[in-house]
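S.K.: This is a predicted model, with the sequence first.
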Amino acid sequence: MYSFLNSKRSLKERLDLFVTSAQKIYPDIIGIAVTRMDEHDNLYSVYRSADYGDNFPTFISSISKSPRLSKMRTSLEPSIIDNMLSHQSSVKSIHFRLLQSNCISSMACPIYTNDTFIGVLFINAKVKDFFSEKINYFTTFSILITLLISDDFNNKKAFHSIVKTVLLLSHHKDPETQNHLKRVAEYSRLIGLYLARKRKCDGDFVDSVYHFSDMHDIGKSLIPEDILYSTEIYTDEERAVMNQHPDLGCQLLSNILTTFKYDNNKELSIILNIIRHHHERYDGKGYPDKLKGTEIPLEARIVTVADVIDALLSHRPYKNPWSIEDVELYLINGSGTLFDPLCIDAILHSLDKVTLIQSRYPDVIEEELQA
């Protein structure tokens with residue numbers, strides 16, 4: 001029964017086992033869904049029990065639209081709906097989809113780590129008054145699940161911190177880099193969430209891409225500084241050296257992974273694909289492997305677009321920032337040749353949020369540091 005505590009299993013495997021164990025005790029449980037919150041207070045599901053089918057949404061618009069979730073976020077206390085048939089929901093489309101899965105009662109619990117709210121756990125059942133009558137059991141149930149989720153979240157952060165140390169060391173002469181990395185992560189999540197709503201990926205994948213997209217250029221830490229920080233147009237020889245950074249990044253990260261015994265194979269694949277393939281082109285003319293179209297892993301196609309957008313919108317020693325209109329035209333012209341058309345559609349639908357992210361995480365350029 002307690003095999004879900006085995007930390008060698010993935011979070012999904014542990015949650016599947018947990019739900020199965022609980023359903024043996026209470027067969028009226030339909031299942032659970034775990035959601036994370038993005039930069040714009042939207043929720044996206046990173047796990048949902050199989051019994052929901054497609055009826056638990058991948059994406060829930062800003063929790064401010066739901067008085068129930070807004071109150072729960074502030075109070076950090078669970079919220080129970082005893083009878084969804086008579087409940088007046090503020091988000092009717094989601095309410096109807098849950099009813100289609102025979103969800104009659106619902107319990108929503110905040111997920112937080114170090115007092116920071118990071119998402120919501122939803123537990124649903126087939127009969128009314130289910131959770132109110134078993135409040136002690138399901139309060140404990142929800143605490144155990146949120147601990148599993150927080151543990152997974154903190155493990156990712158711990159691993160990420162190790163790699164971030166390498167990133168910080170490799171970019172210590174470049175004051176704008178950290179906000180560049182943050183913006184790339186946010187753009188990657190914007191693209192991923194759009195694709196998830198189109199059922200091209202799931203929320204767990206989006207979350208992994210978000211967490212690890214900022215590792216894409218880790219290989220640059222092994223490029224000679226006279227090339228890395230040059231403001232001149234590269235010679236053919238210098239370009240050949242610079243183009244080695246995806247390979248070098250994979251080698252570097254593999255050494256870190258071996259040292260710290262990080263063994264989540266699914267996430268490792270995503271990380272290494274991002275590092276190795278974020279300079280591939282959709283038409284097959286990129287590097288290092290000249291992959292074409294969907295041969296390029298989706299996570300790399302997403303980060304490619306996110307990285308280029310930020311590079312174009314940002315100040316560089318050799319150029320001024322492009323306008324959002326010029327960036328939009330460049331992306332449209334590059335769709336299907338440089339970039340995956342689905343990823344371009346995704347970002348073009350979110351240009352207003354791109355602008356918000358730019359303003360939230362501005363560059364700190366050298367002149368400002370010297371003032």
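M.R.: Good, I have the coordinates. Predicted, not measured: the structure shown is a model, and the values here were computed from it. Numbering: from 1, shown residues only.

S.K.: Can you show me the CA trace of the helix or strand encompassing residue 275 as CSV?
M.R.: Per DSSP states H and E: residue 275 is located in helix 265-277. Extracted in CSV, the C-alpha atoms of helix 265-277 (Å, rounded to 0.1, in the frame of the first residue of the first chain):
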residue,chain,number,x,y,z
ASN,A,265,14.9,9.5,-17.3
LYS,A,266,11.9,11.4,-18.8
GLU,A,267,13.2,14.8,-17.6
LEU,A,268,16.8,13.9,-18.6
SER,A,269,15.6,13.3,-22.2
ILE,A,270,13.9,16.7,-22.2
ILE,A,271,16.9,18.6,-20.8
LEU,A,272,19.4,17.0,-23.2
ASN,A,273,17.1,17.5,-26.2
ILE,A,274,16.8,21.2,-25.4
ILE,A,275,20.5,21.6,-25.0
ARG,A,276,21.5,19.6,-28.1
HIS,A,277,18.7,20.7,-30.6
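
S.K.: okay, the angle between the helix or strand that it is followed by and helix 265-277?
M.R.: Following helix 265-277 in sequence order, the next helix or strand is helix 298-313 (DSSP H and E). Orientation check (axes from the mean of the first three to the mean of the last three C-alpha atoms, to 10 degrees): helix 298-313 against helix 265-277 gives 40 degrees.

S.K.: pull the longest helix from the chain.
M.R.: If you go by DSSP state H, the chain has its longest helix at helix 135-170.

S.K.: follow-up on the earlier one: need the contact partners of the helix holding residue 275.
M.R.: The contact list for helix 265-277, computed with C-beta atoms under 8 Å, 6 or more residues apart in numbering, reads 10, 156, 205, 208-209, 212-213, 215-216, 218-219, 246-247, 249-250, 253-254, 257, 262, 288-289, 291, 296-297, 299-300, 303. Bear in mind the C-beta positions are built from the backbone N, C-alpha and C, glycine included.

S.K.: hmm, 6 Å instead?
M.R.: 208, 212, 216, 246, 249-250, 296-297, 299-300, 303 (C-beta atoms under 6 Å, 6 or more residues apart in numbering).

S.K.: which stretches of the stretch 101-250 of the chain form strands?
M.R.: Using DSSP state E, counting those that start in this stretch, the strands found in the stretch 101-250 of the chain span residues 105-113, 116-125.

S.K.: Please tell me how far residue 129 sits from residue 345.
M.R.: 45 Å (C-beta to C-beta, to the nearest Å).

S.K.: Where does the prediction get shaky in the stretch 101-250 of the chain?
M.R.: Under the criterion pLDDT under 70, the flagged ranges of the stretch 101-250 of the chain are 164, 166-177.

S.K.: Then the stretch 251-371 of the chain?
M.R.: 259-264, 364-371.

S.K.: repeat that with 90
M.R.: 252-268, 314-320, 362-371 (pLDDT under 90).

S.K.: Tell me how many other residues crowd the residue nearest to residue 131 when sequence neighbours are not counted.
M.R.: Closest residue to residue 131 apart from its sequence neighbours, by C-beta to C-beta, 6 or more residues apart in numbering: residue 107 at 4.3 Å. Using other C-beta atoms under 10 Å, residue 107 has 24 neighbouring residues.

S.K.: For residue 107, list each beta-bridge partner.
M.R.: According to DSSP bridges, the residues that bridge with residue 107 are residue 80, residue 123.

S.K.: Identify the residues contacting it.
M.R.: Applying C-beta under 6 Å, 6+ apart, the residues contacting residue 107 are 78, 80, 123, 131, 138.

S.K.: from the contacts of helix 265-277, which two are the most distant?
M.R.: Within the contacts of helix 265-277, two members stand farthest from each other by C-beta to C-beta: 208 and 246, at 18.7 Å.
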